[in-house]
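Chemist: Predicted model and sequence follow; I will ask about them next.
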Amino acid sequence: MELQQFDSNDNKKNVLKIVKNVNRVDFTFRNINHSVQVKVTKQTKKGKKKQVMRPKQILHNMSGHVKSGEVLAIMGPSGAGKTTLLDILAHRLKINGEGVMYLNQSISDYHIFKKLCGYVTQSDTLTPSMTVFETLSFYAQLKMPREMPLEDKLQKVEDVISEMGLNRCRNTLVGDNLKIRGVSGGERRRLSIAVELLTSPSILFLDEPTSGLDSSTAYTVMNAIRKLANSGRTIICTIHQPRYNIFDMFDKLLLLAEGNTIYFGDTQKSAEYFESLGYKCLPNVNPADYYMDLINTQIEDDIEQDGQSPILKPNQVEGGNGIDEELLLSSGTSTTITTQNHDESNHTKHTKVKRISNEELNRFKKVFIESEPGRLLKEQVDLIEKSEHTPFVYQETRGPSFWTQFRLLFYRESLNARRHPMALRVQVFQAIFQGILCGLVYLQLGLGQNTVQSRTGVLAFVIMGLSFPNVMSTINVFPEVVGIFLKDRASNVYNTLPFFLAKSFMDIMLGIVLPIVTGTLVYWMSNQRIYPFYSAAVFFKFILVLVVASQCALSLGIFISSSVPNVQTGLAIAPLVVILFFLFSGFFVNLKELGRGWVWMPYISFFRYIIEAAVVNAYTNVTFSCTQSQMLGGRCPIQTGEEVISNYGFNIDNYWRNIGIILLYIVAFRCLTYMVLRIKSRNRF
Ligand SMILES: Nc1ncnc2c1ncn2[C@@H]1O[C@H](COP(=O)(O)OP(=O)(O)OP(=O)(O)O)[C@@H](O)[C@H]1O
């Protein structure tokens, strides 16, 4: 059946009422087929290799039914399609194919669904510099209805803290275990879940909730999840080989292999099902390990090469027919099976047994539909499909206003800046060091002929010195911010514009102080102007050039950083862009002498406008002196600053024009970043 896209007018009129108690919702999905386009190499008739796009089916006819209060675990080998299925079920990934999902008896509507569900990602994308309580109250104010009084929101925060057992660490920073020490891994995972609980979701999706946690912490987290289900929520999670006591917490199990259902049904009945297929899981084996080892056909070759195989196929043991299996369990989780072989020695030994073959896996895929659990699932899903699809009834609520979003996001940015003292200290140190170094190298420049080179050099050095670190540090830091933003956008916590403005305002504030520090030191130490009358205006114009240069570099940095797929690419691209722009700034190449092919470059190089503004400011109304020996034809080779300006191919009237152009560059880089963020965060469903 074709998926009903979530634009049903009837449903759109209704908006969910967010209530304090959990709405009980059964969740059903039916015949989900999903494919992606992949590049494959094809041989042409002429024997050449050509890359073409081909559809690759990731999910095949996936169906399932989870009642409120139940936990469904989606398990399968790596690449089986667990994350793809979870993302589709959570309405985070658009189905490229067909399928339909139901909330109770209603066909799921995107907008209603988003209000009803919570999604906990595999990695804890939280702001490290906020405490547990601050994180929850930040999200409470953004996620809960505008009409709800603040006290009620804070009460909900307290409830959630108690529910997830976070009282002990409520005032501890979240941290990231790298730059900021914070809560433990288990506490961070529970905080991620707590954030989702603020809106009392009826359905909670969790992607690998226990990954990266030690087994006892994983148990504590799963225990908390189990309690959430007991309170009426519907829980769907992907999980990798859980230990037995965790596996035992699941009500339902969906076992996937190569995008096909191998088993869907009661967890407790899964052993019986596999036994009916001829694969008995012995009583003291963790079934999760057994199933995963059994169907993980992909790693067979590697294991063969290693000469080890941890799984045996009970009915097909090398060199034996009737089998007495004995299981040796190491630390209760790994499945090592040895068999008593009834051949010549009768000694217990490790027997090399293959995992199931691909043909056998294909049999598993086919037999499930005809099996008892397969028929039961079909009956349940067909029942929902045939029932009358009544829309949800709920009351409209509004999220926080634009200004509330901006205020909260700006507050988060300011906390981030304040609580990263090292980063701030390093930047201040860098600014002072650079100012002093530059000041010492170009100490007290005079107005002799030889100072012209140094006077321009100091300008280029200080501009580059402020710009380059700004671009590079932004590329290092911004991706983490974008990661949090994208996660929040995926849950519709706030809009792109308030986030973008809050970030930009904070950048502007921080990006003003450092150029002022460096610029002041350089200006006075290198003796940029010696005429007191002009000094104040020239000084402020010099600082203004540095401030806009610094802002332009920051804006370029966030643009590059937001556009590239990862930090490494950003770090590779950014220096090239900066160096190329700087090359055509007019400092290294005389703009009048540029070859035909390059004349356009100075027009797009924002450094050209910055250097021109700085040179014009530094050399206007300056007179140079020279010694007798320096004179050429009875006059100084360079007599005025205006000559220097002209020699560089610059125009003396261009100071304010250039400041305007650089401001336009800043706005353009920021607007482009905003557009990239919008595109990236566009709802994929
Ligand atoms: N956009 C895509 N383009 C190409 N292949 C894709 C795409 N998305 C998923 N796949 C492929 O689909 C299969 C299932 O991917 P998925 O991430 O859902 O698996 P998984 O079971 O979650 O794996 P893991 O446990 O390793 O995370 C994989 O083979 C993957 O390479």
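Modeler: It's in. Because the structure is a prediction, the values reported are computed rather than measured. Residues are numbered from 1 along each chain as shown.

Chemist: can you give me how far stretch 433-450 is from the chain middle?
Modeler: The chain centroid and the centroid of stretch 433-450 are separated by 45 Å under C-alpha atoms, centre = their mean, to the nearest Å.

Chemist: That should have said stretch 30-46, apologies.
Modeler: With C-alpha atoms, centre = their mean, you get 27 Å for stretch 30-46.

Chemist: contacts for it?
Modeler: With contact meaning C-beta atoms under 8 Å, 6 or more residues apart in numbering, stretch 30-46 is reached by 1, 49-63, 84-85, 88, 93, 95-102, 259, 381, 384-385. C-beta: built from backbone N, CA, C; applies to glycine.

Chemist: That stretch and the ligand, are they touching?
Modeler: Yes: on the criterion C-beta under 6 Å from any ligand atom, stretch 30-46 is in touch with the ligand at 36, 38.

Chemist: I'd like the mean pLDDT over that stretch, please.
Modeler: Throughout stretch 30-46, pLDDT has a mean value of 87.

Chemist: in it, what counts as buried?
Modeler: 30-35 (16 or more other C-beta atoms under 10 Å).

Chemist: Buried residues, the helix or strand harbouring K156. List them.
Modeler: In the assignment (DSSP states H and E), K156 maps to helix 150-163. Residues of helix 150-163 classed as buried: 153, 156-157, 160-161, 163 (neighbour count, 16+ other C-beta under 10 Å).

Chemist: In a helix, Y102, correct?
Modeler: No: going by DSSP: H, G, I helix; E, B strand; the rest coil, the assignment for Y102 is strand, not a helix.

Chemist: That one reaches T28, doesn't it?
Modeler: Yes: with contacts counted by C-beta atoms under 8 Å, Y102 reaches T28, the gap being 4.2 Å.

Chemist: thinking again about what came up before, what is the nearest of the buried residues of stretch 30-46 to N167?
Modeler: I32 (40.4 Å; C-beta to C-beta).

Chemist: Helices along the stretch 451-600 of the chain, start to end?
Modeler: Remark: helices assigned in the stretch 451-600 of the chain by DSSP state H, counting those that start in this stretch are 451-490, 496-525, 532-563, 567-583.

Chemist: Local confidence estimate at the residue nearest the centre of the chain?
Modeler: Nearest to the mean C-alpha position of the chain, by C-alpha atoms, centre = their mean, lies G483 at 3.0 Å. pLDDT for G483: 89.

Chemist: Pull up the gap between the residue nearest to it when sequence neighbours are not counted and S192, please.
Modeler: Nearest residue to G483, sequence neighbours excluded (C-beta to C-beta, 6 or more residues apart in numbering): T125, at 5.3 Å. Separation of T125 from S192 (C-beta to C-beta, to the nearest Å): 8 Å.

Chemist: my read: G465 touches I436, true?
Modeler: No: assessed by C-beta under 8 Å, G465 is found out of contact with I436, at 11.8 Å.

Chemist: So between these two, which is more surrounded?
Modeler: Neighbour count, other C-beta atoms under 10 Å: between G465 and I436, G465 has more, with 20 against 14.

Chemist: Excluding chain neighbours, what is closest to that one?
Modeler: Closest to G465 by C-beta to C-beta, 6+ apart is Q434, at 4.9 Å.

Chemist: Report the buried residues of the host helix or strand of the one you found.
Modeler: Applying DSSP H and E as the criterion places Q434 in helix 421-441. Residues of helix 421-441 classed as buried by neighbour count (16+ other C-beta under 10 Å): 427, 430-431, 434-435, 437-439.

Chemist: before we move on, what about stretch 650-664?
Modeler: Of the residues in stretch 650-664, 650, 654-655, 658-659, 661-662 count as buried by neighbour count, 16+ other C-beta under 10 Å.

Chemist: same question, stretch 581-598
Modeler: Buried, per 16+ other C-beta under 10 Å, within stretch 581-598: 581-587, 589, 591, 594.

Chemist: Identify all contacting residues around it.
Modeler: 456, 460, 464, 601-602, 604-608, 610-612, 615, 647-650.

Chemist: what does stretch 509-522 give?
Modeler: Stretch 509-522 is contacted by residues 417, 427-428, 430-432, 434-436, 438-439, 442, 458, 462, 465-466, 470, 528, 542-543, 546-547, 549-551, 554 when judged by C-beta under 8 Å, 6+ apart.

Chemist: Per-residue pLDDT of G175, please?
Modeler: For G175, the predicted pLDDT is 88.

Chemist: Kindly provide the distance from the residue nearest to it when sequence neighbours are not counted to V481.
Modeler: Using C-beta to C-beta, 6+ apart and skipping residues adjacent in sequence, the residue nearest G175 is G182, 1.6 Å away. For G182, the distance to V481 equals 17 Å [C-beta to C-beta].

Chemist: So which residues of the stretch 201-350 of the chain form strands?
Modeler: 203-207, 234-238, 252-257, 260-266, 324-330, 334-340, 348-350 (DSSP state E, counting those that start in this stretch).

Chemist: packing partners for the second one?
Modeler: Helices and strands touching strand 234-238, as assessed by 3 or more C-beta pairs under 8 Å, 6 or more residues apart in numbering; DSSP states H and E, comprise strand 49-66, strand 71-75, helix 82-89, strand 203-207, helix 215-230.

Chemist: try 10 Å this time
Modeler: strand 27-43, strand 49-66, strand 71-75, helix 82-89, strand 117-120, strand 203-207, helix 215-230, strand 252-257 (3 or more C-beta pairs under 10 Å, 6 or more residues apart in numbering; DSSP states H and E).

Chemist: residue ranges with poor pLDDT in this structure?
Modeler: 1-22, 177, 297-355, 392-396, 421-422, 530-534, 683-685 (pLDDT under 70).

Chemist: Enumerate the residues of it near the ligand.
Modeler: Checking the chain against the ligand by C-beta under 6 Å from any ligand atom, the hits are 36, 38, 58, 76, 78-84.

Chemist: These: which two are farthest apart?
Modeler: It's V38 and G76 that sit farthest apart of the residues of the chain next to the ligand, by C-beta to C-beta, at 19.6 Å.

Chemist: Where does R657 fall, secondary structure wise?
Modeler: Counting by DSSP H and E, the element that carries R657 is helix 655-681.

Chemist: rewinding a little: closest one of the buried residues of stretch 650-664 to V477?
Modeler: Distances from V477 to the buried residues of stretch 650-664, taken by C-beta to C-beta, are shortest for I662, at 22.8 Å.

Chemist: ok, now which ones touch that closest one?
Modeler: By C-beta atoms under 10 Å, 6 or more residues apart in numbering, the contact list for I662 reads 544-545, 547-549, 551-552, 555, 606-607, 609-610, 613.

Chemist: Repeat that for M525.
Modeler: M525 neighbours (C-beta under 10 Å, 6+ apart): 435-445, 458.

Chemist: now with 7 Å?
Modeler: 439-440, 443 (C-beta atoms under 7 Å, 6 or more residues apart in numbering).

Chemist: quick one: contacts for G182?
Modeler: 128, 172-176.

Chemist: Nearest residue to V644 in space, please, no chain neighbours.
Modeler: Per C-beta to C-beta, 6+ apart, closest to V644 is Y619, 4.8 Å.
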